[in-house]
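>>> only geometry, no sequence info:
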């Protein structure tokens, strides 16, 4: 990638398949390594809330595609918690689609628009992973 002029600074585990040895090796090359939070409601999972300035290399994200099973209210509650605690809630998603019946790894435009509007209406900022410090 360096030879092509690309300078990646962050890494996301494919499928969220992380392990400690690989994370330790990747930490030498990347500022952040994103894993995936599975099976825990986001209100009970502190690993998805990033404290700005903490410089923690291993972070976890919450999938917001419909197939991940997080209700829109749960997502709103997570965003509100992040705002109240002055933290950053890490989300990830896959393919936006214009359908009422999204498949795996898809998020409807409507759901994505609702989440973006909720963030905007709460005067919050969007970050990319590379903007975290």
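All right, it came through fine. No experiment lies behind these values; they were computed from the predicted model shown.

>>> How about the spatially most central residue of the chain, nearest residue that isn't a chain neighbour?
Centroid-nearest residue in the chain: residue 91, 2.4 Å away (criterion: C-alpha atoms, centre = their mean). Distances taken as C-beta to C-beta, 6 or more residues apart in numbering place residue 64 nearest to residue 91, at 5.0 Å, with adjacent residues excluded. Any C-beta I mention is one placed from the backbone N, CA and C, and that applies to glycine too.

>>> Next, give phi and psi for the one you found.
phi -110, psi 0 (degrees, to the nearest 10).

>>> burial count for it?
Neighbour count of residue 64, defined by other C-beta atoms under 10 Å: 20.

>>> rewinding a little: may I have the beta-bridge partners of the residue nearest to the centre of the chain?
residue 62 (DSSP bridges).

>>> That one is in contact with residue 61, isn't it?
Yes: counting by C-beta atoms under 8 Å, residue 61 is a contact partner of residue 91 at 6.0 Å.

>>> give me every residue that touches the closest residue to residue 112 other than its chain neighbours.
The shortest distance from residue 112 to any non-neighbouring residue, by C-beta to C-beta, 6+ apart, is to residue 96 (5.6 Å). Residues near residue 96 by C-beta atoms under 8 Å, 6 or more residues apart in numbering: 106, 107, 108, 109, 112.
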